[in-house]
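A.B. asks: for reference, the sequence and a predicted model appear below.
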Amino acid sequence: MPNETKIIKIPLASAAEGLALFGPQDKFLKLIEQQTEADIMSRDAEIMISGPLAEVESMEQLFTVLQQLFRGGYTPSERDIMYALDLAKTLQADQLLDLFKAELTSTFRGKPIRVKTIGQRHYVKMIKKMDVVFGIG
């Protein structure tokens with residue numbers, strides 16, 4: 001059944017959550033819609049996603065992960081949204097939850113310093129594990 005379609009609904013906790021997920025003037029939503037064949041709509045206090053099965057599952061994972069990040073106190077940036085979208089295409093967006101939970105240290109003002117990509121997480125892990133680590137790039 002290659003033409004199988006699916007419709008899902010994801011409830012939103014608040015208007016602030018919707019704003020964080022869709023961005024100012026729905027900027028993030030527009031970026032996401034350009035990268036998917038699924039239709040994404042926001043009605044009442046929920047996100048409705050419809051379209052091809054694989055696309056809907058990818059978008060469901062994307063928005064679920066973004067919701068969890070927001071509910072954990074992290075407001076995603078445009079860069080975070082695009083990175084999460086790339087990971088969601090292969091259903092790996094849940095790896096972001098581990099990324100943003102781990103805090104390396106903090107600035108002198110108390111702002112947390114975290115890795116921003118899975119590659120950076122691997123790099124930091126190697127730095128902690130090995131005596132000498134070379135980074136290229």
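C.D. replies: Alright, I've got the coordinates.
A.B. asks: what packs against the helix or strand containing residue 16?
C.D. replies: Using DSSP states H and E, residue 16 maps to helix 15-22. Here helix 15-22 touches helix 27-34, helix 53-71, going by 3 or more Cβ pairs under 8 Å, 6 or more residues apart in numbering; DSSP states H and E. (Each C-beta comes from the backbone N, C-alpha and C, glycine too.)
A.B. asks: and the ones you listed, which is most packed in?
C.D. replies: Among those, helix 53-71 has the highest mean neighbour count (mean count of other Cβ atoms under 10 Å), at a mean of 20.
A.B. asks: ok, residues contacting that helix?
C.D. replies: Helix 53-71 is contacted from outside by 4-8, 10, 12-13, 17, 20-21, 32, 36-38, 40, 47, 49-51, 76, 80-81, 84-85, 88-89, 91, 93-94, 96-97, 100, using Cβ atoms under 8 Å, 6 or more residues apart in numbering.
A.B. asks: of those residues, buried ones?
C.D. replies: Those of the contacts of helix 53-71 that meet the buried threshold are 8, 10, 12, 17, 20-21, 32, 36, 38, 40, 47, 49-51, 76, 80-81, 84-85, 88-89, 93, 96, 100, by 16 or more other Cβ atoms under 10 Å.
A.B. asks: looking at those, which are in strands?
C.D. replies: 8, 10, 40, 47, 49, 50, 51 (DSSP state E).
A.B. asks: other residues contacting the least confident helix or strand in the chain by mean pLDDT?
C.D. replies: When the helices and strands of the chain are compared on mean pLDDT, DSSP states H and E, helix 95-101 comes out lowest with a mean of 73. Helix 95-101 is contacted from outside by 65, 68-69, 72, 74, 80, 83-84, 87, 114-118, 121, using Cβ under 8 Å, 6+ apart.
A.B. asks: again, only using 7 Å
C.D. replies: Residues from elsewhere that reach helix 95-101, judged by Cβ atoms under 7 Å, 6 or more residues apart in numbering: 65, 68, 69, 74, 84, 87, 114, 115, 118, 121.
A.B. asks: kindly export that helix (C-alpha atoms) in PDB.
C.D. replies: What follows is helix 95-101, C-alpha atoms only, in PDB (Å, rounded to 0.1, in the frame of the first residue of the first chain):
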ATOM      1  CA  GLN A  95      18.100  12.000  19.900                       C
ATOM      2  CA  LEU A  96      17.600  15.700  20.400                       C
ATOM      3  CA  LEU A  97      16.100  15.100  23.800                       C
ATOM      4  CA  ASP A  98      19.400  13.700  25.000                       C
ATOM      5  CA  LEU A  99      21.300  16.600  23.400                       C
ATOM      6  CA  PHE A 100      19.400  19.400  25.200                       C
ATOM      7  CA  LYS A 101      19.300  17.700  28.500                       C
END
